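>>> fold the following for me, if possible:
(one chain, ligands or ions: 1)
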Amino acid sequence: MKKSFNRRDFVKGAAAISVGSVLIPSSNIFAQGTGKLKVALVGCGGRGRGALEDIHNAARHLNIQIEIAGLCDFFMDRAKDTAKQFDVSEALCMAGANSYKDIMKTDADIVLLVTPPIFRPVHLEAAIKAGKHVFMEKPAAVDAPGARKIIEAGELAKQKGLSIVAGTQRRHQESYLKTQQAVSKGAIGPIRGGSVWWCQSHLWYAKRKPGEDDASYMVRNWVSFAEMSGDHIVEQHLHNIDVANWFIGGPPKMAIGFGGRARRRTGNQFDFFSVDFDYGNDVKIHSMCRQIDRCYDRVAELFTGTIGSTYGDGPGKDGFAKKVQVDDIRCVDNPYVQEHIDLINSILNDKPINEAENVATSTLTAIMGRISAYTGSPVRWKDVTDEPSDSPWYSMTMSPSPIDFEKGTVKAPKEDVAAIPGKDPDEA
Ligand SMILES: NC(=O)c1ccc[n+]([C@@H]2O[C@H](COP(=O)([O-])OP(=O)(O)OC[C@H]3O[C@@H](n4cnc5c(N)ncnc54)[C@H](O)[C@@H]3O)[C@@H](O)[C@H]2O)c1
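Predicted coordinates:
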């Protein structure tokens, strides 16, 4: 296995400055740097190209160099467009559902995993087995077995001293980091409840091209299929659910929710969810997400404690109920760049970061909410995590699976057929 890249590849004696869990960048840290950090990208879409830009920006902050070791996408034209955008050779491009395997054979130090969520568990496992440090986008998976595979890969990464940073960027954002620390020090008293929202207008969607096969269509229109994205409570609202788990200090014990499909044109996802997450001891977080135009929009988190309340990124104008001392946490303005600064610093300082379990836990939480809304049943944390399990949710996977894409056996589910909770009284 290739030796993992570390700070010895750079100039001796350089030091990154660390405050709490956040590493402060200094533009002169690696002024005389001699090494190049090699990066490969799996998934050359909007966020993938964004992540590649972000890691270049992070490297500029740290005054080190980045070299692209490989680019892969399901579609070759997307990989080639990315090569053009970053001014590297098309020879670095690979395509197809199996192309991630070739990325893992490159000499990349860091792999960016930025495909639709369905593929993340398989890709993370391959990256860690290949000895790569990883930046992976959220969510971790679309089903409970996938999320648990992420936790396992995270454990393997710990044994190998590899870093995994997840795209839950609020955990790398100064305002959130300071607020979380203040809350943990009693600024609003113990959290008793709250609300988390991701309500916005419709997201993009793609229509099937004439004669297009199921796999290509599902990849192009992945935000419309629960099998690809986990549905939008998992794919998007995960950010706010993750903040709730982070601030409260763990996942809920149970989810009870509902939702529905009202206006979507393609795929099988819901348009809205409303879920009550029960954290035990009567602590409840209400989660609400919607993708419908011309409705009330809000993306935020609000927590109420025994003596006061706060939003996830800071209190209102009156400040915290109780003054507490927080560390001098400083981040760059863009949390998407800070994620990569933290990742690179963790590698250069031989202090691995591992966010696999956090993002997998929040993904499991969102999956509990989705299953509850789809079925009408309460879903307990132990239903998706406890082994041995008598719960159908523990091993429930969706079809097509990532392996169907690799084998070319993808069969798209019927469109405009969404889950119906409960049981039709006319059913036998
Ligand atoms: N953190 C954030 O704020 C944020 C913002 C946007 C998207 N995201 C996440 O980033 C991920 C990608 O989203 P996007 O907006 O870039 O989508 P996208 O459709 O623009 O890009 C996904 C790319 O992955 C490629 N792909 C699909 N399957 C593949 C496979 N098996 N191997 C290689 N390439 C494959 C697609 O062809 C496409 O080019 C999603 O998980 C999404 O939730 C996170």
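>>> find me the pLDDT at the closest residue to the ligand within the chain, would you?
Residue nearest to the ligand within the chain: residue 45 (1.7 Å; Cβ to the nearest ligand atom). Heads up, the C-betas are built off the backbone N, CA and C, glycines and all. For residue 45, the pLDDT comes out at 98.
>>> isn't it up against residue 75?
No. Residue 45 is not in contact with residue 75 according to Cβ atoms under 8 Å; the separation is 9.4 Å.
>>> who has more neighbours out of the two?
Counting neighbours by other Cβ atoms under 10 Å for residue 45 and for residue 75 shows that residue 45 has the greater number, 21 against 15.
>>> what's the neighbour count on residue 304?
Taking other Cβ under 10 Å as the criterion, the count of residues near residue 304 is 16.
>>> same deal with the one 10 residues further on?
Close neighbours of residue 314, defined as other Cβ under 10 Å, add up to 14.
>>> so it makes contact with residue 173?
No. Applying Cβ under 8 Å as the test, residue 314 and residue 173 come out as separate, 10.6 Å apart.
>>> would you check how far apart the residue of the chain closest to the ligand and residue 216 are?
Applying Cβ to Cβ, to the nearest Å, the value for residue 45 to residue 216 is 14 Å.
>>> can stretch 394-401 be found next to the ligand?
No. Contact of stretch 394-401 with the ligand (Cβ under 6 Å from any ligand atom) is absent, the minimum separation being 11.6 Å.
>>> try stretch 122-139
Yes. Taking Cβ under 6 Å from any ligand atom as the criterion, stretch 122-139 and the ligand are in contact, through 137, 138.
>>> chain center to that stretch: distance?
12 Å (Cα atoms, centre = their mean, to the nearest Å).
>>> measure that stretch end to end?
End-to-end span of stretch 122-139 (Cα to Cα, to the nearest Å): 13 Å.
>>> now do the helices in the protein.
Assigned by DSSP state H, the helices in the chain fall at 46-62, 76-85, 99-104, 120-129, 144-160, 174-184, 214-220, 226-229, 232-235, 238-248, 335-348, 356-375, 381-385, 402-407.
>>> single out the most deeply packed of those.
The highest average neighbour count among these, using mean count of other Cβ atoms under 10 Å, belongs to helix 232-235 at a mean of 28.
>>> which parts of the stretch 1-150 of the chain sit against the ligand?
When proximity is defined by Cβ under 6 Å from any ligand atom, the stretch 1-150 of the chain lies next to the ligand at 42-48, 72-75, 78, 97, 99-100, 114-117, 119, 137-138.
>>> mind redoing it with 5 Å?
Neighbours of the ligand within the stretch 1-150 of the chain, by Cβ under 5 Å from any ligand atom: 43, 45-47, 73-75, 78, 97, 114-115, 117, 119, 137.
>>> strands - which of the residues you listed land there?
Here DSSP state E is the test, and these give residue 73 as lying in strands.
>>> switch the residues of the stretch 1-150 of the chain next to the ligand over to a markdown table; also include distance to residue 232.
Shown next, in a markdown table, are those (distance: Cβ to Cβ, whole Å):
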| residue | distance to residue 232 |
| --- | --- |
| 43 | 19 |
| 45 | 17 |
| 46 | 16 |
| 47 | 15 |
| 73 | 23 |
| 74 | 21 |
| 75 | 23 |
| 78 | 23 |
| 97 | 24 |
| 114 | 18 |
| 115 | 17 |
| 117 | 11 |
| 119 | 18 |
| 137 | 15 |
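>>> widest-spaced pair of the residues of the stretch 1-150 of the chain next to the ligand?
46 and 97 (19.3 Å; Cβ to Cβ).
>>> between the two ends of stretch 92-102, what distance do you get?
Start-to-end, stretch 92-102 (Cα to Cα) is 11 Å.
>>> just the CA atoms of stretch 70-81, as CSV, please.
Taking Å, rounded to 0.1, in the frame of the first residue of the first chain, the C-alpha atoms of stretch 70-81 are listed here in CSV:
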residue,chain,number,x,y,z
GLY,A,70,-7.6,11.4,-11.7
LEU,A,71,-11.1,12.4,-12.5
CYS,A,72,-14.0,9.9,-13.0
ASP,A,73,-17.6,10.2,-13.7
PHE,A,74,-20.4,7.9,-14.9
PHE,A,75,-20.3,10.0,-18.1
MET,A,76,-17.0,10.6,-19.9
ASP,A,77,-18.0,14.1,-21.2
ARG,A,78,-18.5,15.3,-17.6
ALA,A,79,-15.0,14.0,-16.6
LYS,A,80,-13.5,15.7,-19.7
ASP,A,81,-15.3,19.0,-19.0
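>>> contacting residues around it?
40-45, 48, 82-83, 88, 90, 92-97, 99-100, 102-103, 106, 108, 115, 216, 219, 405 (Cβ atoms under 8 Å, 6 or more residues apart in numbering).
>>> and the pLDDT for residue 188?
At residue 188, pLDDT is 98.
>>> contacting residues for the nearest residue to residue 293 once chain neighbours are set aside?
Nearest residue to residue 293, sequence neighbours excluded (Cβ to Cβ, 6 or more residues apart in numbering): residue 201, at 4.2 Å. Residue 201 makes contact with 291, 292, 293, 294, 295, 297, according to Cβ under 8 Å, 6+ apart.
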